[in-house]
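Colleague: Compute the structure for the input listed below.
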Amino acid sequence: MVKISGGNGFSFEEAIMISDCSNIEGVEQEYIEVRERFGNYQLIRQSLQDQSGRMYDVLEMKLKDGREITLYFDITDFFGKGFEF
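Modeller: Reported below is the predicted structural model:
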């Protein structure tokens with residue numbers, strides 16, 4: 001079962017941590033978290049960033065009320081899982 005922990009997601013230090021899952025499940029959970037917290041949104045940009053050896057998925061988006069926000073997901077635990085051959 002996918003585990004969600006960490007902070008509010010508004011910085012690297014407060015990133016939302018997703019763990020105990022495969023890469024596909026983890027990325028899917030990111031979008032579930034965004035929809036649950038903010039409803040409909042428009043994705044502006046998504047990027048993968050390495051900060052001190054930890055991997056983050058950074059989502060820049062525009063919310064339905066017009067605000068633009070950036071959310072940080074710590075994906076270190078699942079990054080690349082499920083793609084082993």
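
Colleague: tally of neighbours for Ser5?
Modeller: For Ser5, the neighbour count with other C-beta atoms under 10 Å is 11. Glycine gets a C-beta too; all of them are placed from N, C-alpha and C.

Colleague: Secondary structure of it: a helix, I assume?
Modeller: No: Ser5 is assigned strand when assessed by DSSP: H, G, I helix; E, B strand; the rest coil, not a helix.

Colleague: quick one: contacts for the nearest residue to it once chain neighbours are set aside?
Modeller: Nearest non-adjacent residue to Ser5, counting by C-beta to C-beta, 6 or more residues apart in numbering: Met17, 4.7 Å away. The contact partners of Met17, taken as C-beta atoms under 8 Å, 6 or more residues apart in numbering, are Lys3, Ile4, Ser5, Gly6, Phe73, Asp74, Asp77.

Colleague: Nearest to Gly53 among these?
Modeller: Using C-beta to C-beta, Asp74 is the member of the contacts of Met17 that lies nearest Gly53, at 11.5 Å.

Colleague: Report the beta-bridge partners for that closest one.
Modeller: Met17, Tyr56 (DSSP bridges).

Colleague: Point to the helix or strand of this protein where mean pLDDT is at its lowest.
Modeller: Across the helices and strands of the chain, mean pLDDT, DSSP states H and E gives its lowest value to helix 23-38, namely a mean of 92.

Colleague: Just checking the distance from that one to the centre of its chain.
Modeller: Relative to its parent chain, helix 23-38 has a centroid offset of 7 Å by C-alpha atoms, centre = their mean, to the nearest Å.
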